[in-house]
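S.K.: what follows is a predicted protein model with its sequence.
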Amino acid sequence: AVYTGGFILMTPQLALNYHLKSVSHLPWRLLCFRFVNTFIDDLFAFVIKMPVMHRVSCFRDDVVFLIYLYQRRIYSVDMSRGVAGEDAAQ
């Protein structure tokens, strides 16, 4: 149950990106944070002795992150929707 938490929190964003065919609501800062978080998880999964289920959950999050990157590449940023974080700055 503990290992599904991160996966459940990350997958709605994938569905939203797919439905809107846009990534304007996914800011670069959040994507960079997830990249660092994923990299650190993978590093510790290789270095530290841990249960197999935890290692599998780390690599499952990698798959979701790779899908994020793929969506970022294929979907354009729809400027009519506005960029995330832009409204807060005004």
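M.R.: Thanks, I have it.
S.K.: for Val64, grab the count of nearby residues.
M.R.: Val64 has 17 neighbouring residues, counting by other C-beta atoms under 10 Å. No exception for glycine: its C-beta is placed from N, CA and C like everyone else's.
S.K.: spatially nearest residue to it, not counting backbone neighbours?
M.R.: Nearest residue to Val64, sequence neighbours excluded (C-beta to C-beta, 6 or more residues apart in numbering): Met10, at 4.7 Å.
S.K.: where do the helices sit along this structure?
M.R.: Under the criterion DSSP state H, the chain carries helices at the ranges 5-20, 28-47, 52-74, 86-89.
S.K.: the ones you listed into JSON lines, with extra columns for mean pLDDT?
M.R.: Shown next, in JSON lines, are these (pLDDT from 0 to 100):
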{"stretch": "helix 5-20", "mean pLDDT": "79"}
{"stretch": "helix 28-47", "mean pLDDT": "81"}
{"stretch": "helix 52-74", "mean pLDDT": "82"}
{"stretch": "helix 86-89", "mean pLDDT": "47"}
